[in-house]
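Asks: pasting the sequence and the predicted model now:
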Amino acid sequence: MPKKSFRQALNEALHSEMARDPRVIMMGEDLTGGAGANGVKDAWGGPFGVTRGLLDAFGPERIRDTPISEAAFIGAAAGAALTGLRPIAEIMFVDFAGVCLDQIMNQAAKFRYMFGGRAKTPLVIRATYGAGSRSGSQHTQALYPIFTHIPGLKVVIPSNPYDAKGLLLQAIRDDDPVIFLEHKMLYDTVGEVPDASYTIPFGEARVVRDGKDVLIVAIGRMVGVAEEAARQLAADGISACVVDPRTTSPLDEETLLDVAEGIGRIIIVDEANPRCSVATDISALFADKCFDALKAPIKLVTAPHTPVPYAPNLEDVYVPTPDAVAKAARSIVKR
Amino acid sequence: MSGLQLPQDKLIEVYRNMRMIRRFEERVMDEMATGDIPGNTHLYAGEEASAVGVCLHLDEGDYISSTHRGHGHSIAKGVDIDSMMAELFGKASGTCGGKGGSQHIADLRKGMLGANGIVAAGAPITCGAALSAKLLGTRHVAVAFAGDGAMNEGVMSESFNLAKIWMLPIVFVIEDNGFGEATANEHVSAGSFTRRAESFDIPAIEVDGTDVFSVYEAAGQAVARARNGGGPTMLHVHVPRYYGHYSGDPDNYRTPEEKAAMRRERDCLINFRKRVAEVSLLEAAELDAVDRAVDAEIDRAVAAARAAPFPPLSALTTDVYVKYL
């Protein structure tokens, strides 16, 4: 199978789906970059190079560089989705969702329910998330708990290039509003990605690695951290199972509970802030549904309850590390 | 074309729709008092000429979005009053199956994209509907109704900008009833609304919203511009608000004299009767017959809404997603 970067995998999904379905359009800031400047077009190919080449292939009617007006263009994307198009809107950094949260939380997410089931909103909002790029507190958050909390939204957090392509294609074909979050630090990671189109259903966790002593549940970029921790633990003779939920809404409770019941020791690794988070949510699921199978307390390895710091040494310890995950695992495997 | 030159059946339709909105609102006020309509509502009474004058230019495929004060726009756009009344009663037969209520009435089959509980939120959504119309080549237009309060939300200006740079087939109708909730517009709004629109190179027209013919004429220009690829227009429509901000508002910030004068001098229904009588277009008796027919329709809608069942409890968790798993 050909090897591709996370970025290429996403770009391929966008190209193929826009070619397949003329109702798919894109809008966002600097989707191409350079528009209006002396005839320069597609200078950036998107702020992270993900949308390169789309303008040439599909033209400015379908690939729309927007003003820096998140509330207006996310709202317009929601309205377009309600009336026959299938828009993909890009929020450059998910932190900016604060500017347009009304359109996501009160509008797109609720159309179907408030309108008595007579609406569908095939909207994808792509956004980057995550720490590690020394970008400071307002460009680095992992805000998926906020979206996961809101009924009506689906939340997708791919951890590798293969999943990125399959989940994005699924997101575009889905008839509900989907928040699709891409970790900035994953764009250059490489993996096997088929050239052909394929979809990965939502709500199906992936067992990344089998193991019997401890279950490590990890999300997005943390899947790689969990895998590294599992390798460290293997050297100590501890066998760790790693499971990636891939979507936090819907959440594959069945697989999580299945694996947890067989192992009885659980670590949840999450880059988001710890309070009212996906980690606490999954932890509550285990406590509620498989308490009797637990052999040790559930351990959470998360960022601290602080904004993301700028100083490199602080940011490095803000993000959960393989060492921290391995340490937490050892602390419960001994019991 | 001046509204007075409308054919007689259209004139009757204009009057009927305004009268329907008025009676619907008055009846909702009464039914609120009985406690059978839950929560609270925001009444449109007094502003009828705006919704009706604008929507007369629209067909079913055209879009509108509304505000928290959405009954009038819905009726003017052709949403069925039986299902609207049932929705207010929270019944399963309501426009939204009882899940929306007054502030969320929507009927996508009629191009009604929803009343909205968030001030100004409909403006960008309507830009999206206009974008759909443009890209799908339907020649439909979209109308975003908003109040004077909405004009001070940033998203309104963002929407003006987006509508202009993308040359969207959209009309922004700003219904200025002088109050954002209980605060007077002049107390909180700087400059002029028309100049705000004009600063985006969006043509703006100031209209007397108590005269349906003036609204009809201005809206005709705006809708035609949108339909012919000329981009957005803004109408600044001055309307009275007969009731308080919401159904329980003591409305003690306006004097009884002020309110009485408003109803005496700025009533679109009285105004309409006067205008058509002056030029002998319609007999008073014809309009009286419309009044009676409207009353009967509202009676029927209320009786049906009362008798209808609430949604089954199983409906609590449906319609969140098209498909979740």
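Replies: Yes, it's here. Residues are numbered from 1 along each chain as shown, chains lettered A, B, ... in the order given.
Asks: what pLDDT does the nearest residue to residue A:201 once chain neighbours are set aside get?
Replies: Spatial nearest neighbour of residue A:201, excluding adjacent residues (CB to CB, 6 or more residues apart in numbering or on different chains): residue A:170 at 6.5 Å. Placement of C-beta: from N, CA and C, glycine included. With respect to pLDDT, residue A:170 scores 98.
Asks: now swap in residue B:97 and tell me
Replies: 97.
Asks: surely the residue nearest to residue A:201 and residue A:198 touch.
Replies: No. With contact defined as CB atoms under 8 Å, residue A:170 does not reach residue A:198; the gap is 9.1 Å.
Asks: what about those two, which has more around it?
Replies: residue A:170 (21 against 12; other CB atoms under 10 Å in any protein chain shown).
Asks: how near is residue A:130 to chain B?
Replies: Note on residue A:130: its distance to chain B, by CB to the nearest CB, to the nearest Å, is 26 Å.
Asks: so what's that residue closest to, chain neighbours aside?
Replies: Leaving aside its sequence neighbours, residue A:130 sits nearest to residue A:183 (CB to CB, 6+ apart; 4.1 Å).
Asks: again with residue B:193
Replies: That would be residue B:236: by CB to CB, 6+ apart, it lies 4.7 Å from residue B:193.
Asks: which ones are touching that neighbour?
Replies: Contacts for residue B:236 (CB atoms under 8 Å, 6 or more residues apart in numbering or on different chains) come out as B:174, B:176, B:193, B:194, B:197, B:204, B:205, B:206, B:207.
Asks: which residues of the chain fall in helices?
Replies: Going with chain A. Assigned by DSSP state H, chain A shows helices spanning A:6-20, A:54-62, A:70-82, A:97-101, A:111-114, A:144-148, A:161-173, A:222-235, A:253-263, A:278-289, A:312-318, A:322-333.
Asks: not what I meant, chain B
Replies: Using DSSP H, helices in chain B cover B:8-34, B:48-55, B:71-76, B:81-88, B:122-136, B:154-165, B:185-188, B:193-198, B:212-227, B:256-265, B:268-278, B:284-307.
Asks: which strands or helices does the second one pack on?
Replies: Spelled out, that is helix B:48-55. Counting contacts by 3 or more CB pairs under 8 Å, 6 or more residues apart in numbering or on different chains; DSSP states H and E, helix B:48-55 packs against helix B:8-34, helix B:71-76, strand B:142-147, strand B:170-176, helix B:212-227, helix B:268-278.
Asks: quick check: which of the helices of chain B is buried the most?
Replies: With neighbours defined as mean count of other CB atoms under 10 Å in any protein chain shown, those peak in mean count at helix B:48-55, which reaches a mean of 30.
Asks: just the C-alpha atoms of it, please, in CSV.
Replies: This file holds the C-alpha atoms of helix B:48-55, laid out as CSV (Å, rounded to 0.1, in the frame of the first residue of the first chain):
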residue,chain,number,x,y,z
GLU,B,48,-47.8,42.7,10.1
ALA,B,49,-47.3,45.0,7.0
SER,B,50,-43.6,44.2,7.0
ALA,B,51,-43.8,40.5,6.8
VAL,B,52,-46.8,40.5,4.4
GLY,B,53,-45.4,43.3,2.1
VAL,B,54,-42.1,41.5,1.8
CYS,B,55,-43.4,37.9,1.5
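Asks: residues in contact with the spatially most central residue of chain A?
Replies: Geometric centre of chain A, nearest residue: residue A:157, 1.9 Å, by CA atoms, centre = their mean. Contacts for residue A:157 (CB under 8 Å, 6+ apart) come out as A:144, A:181, A:183, A:219, A:220, A:246, A:247, A:248.
Asks: quick one: pLDDT of it?
Replies: The model's pLDDT for residue A:157 equals 98.
Asks: quick one on the thing from earlier: can you count the residues close to the residue nearest to residue A:130?
Replies: 26.
Asks: close to chain B: what parts of the stretch 201-335 of chain A are there?
Replies: A:202, A:203, A:250 (CB under 8 Å from any CB of the partner chain).
Asks: OK, contacts around residue A:309?
Replies: Residue A:309 sits next to A:137, A:315, A:318 when contact means CB under 8 Å, 6+ apart.
Asks: how about residue B:207?
Replies: Residue B:207 neighbours (CB under 8 Å, 6+ apart): B:214, B:215, B:218, B:235, B:236, B:237, B:238.
Asks: closest one of the contacts of residue A:157 to residue A:132?
Replies: Nearest to residue A:132 among the contacts of residue A:157: residue A:183, at 8.1 Å, using CB to CB.
Asks: re the thing from before, from residue B:182, how far out is the residue nearest to residue B:193?
Replies: 21 Å (CB to CB, to the nearest Å).
Asks: that older thread, show me the one of the helices of chain B that comes nearest residue A:89.
Replies: Closest among the helices of chain B, using CB to CB: helix B:122-136, at 9.8 Å.
Asks: residue B:47 and residue B:240 touch, don't they?
Replies: Yes. Between residue B:47 and residue B:240 there is a contact under CB under 8 Å: 7.2 Å.
Asks: joint contacts of the two?
Replies: Common neighbours of residue B:47 and residue B:240 (CB under 8 Å, 6+ apart) are residue B:177.
Asks: look at the two and report which has more neighbours.
Replies: More crowded of residue B:47 and residue B:240, by other CB under 10 Å: residue B:47, with 30 against 19.
Asks: any weak-confidence spans in the chain?
Replies: Defaulting to chain A. Applying pLDDT under 70 to chain A picks out residues A:335.
Asks: that answer is for a different chain, and I need it for chain B
Replies: Judged by pLDDT under 70, the stretches of chain B that qualify are B:1.
Asks: how close does the residue nearest the centre of it sit to residue B:87?
Replies: Closest residue to the average C-alpha location of chain B: residue B:73 at 2.6 Å, with CA atoms, centre = their mean. As judged by CB to CB, residue B:73 and residue B:87 stand 14 Å apart.
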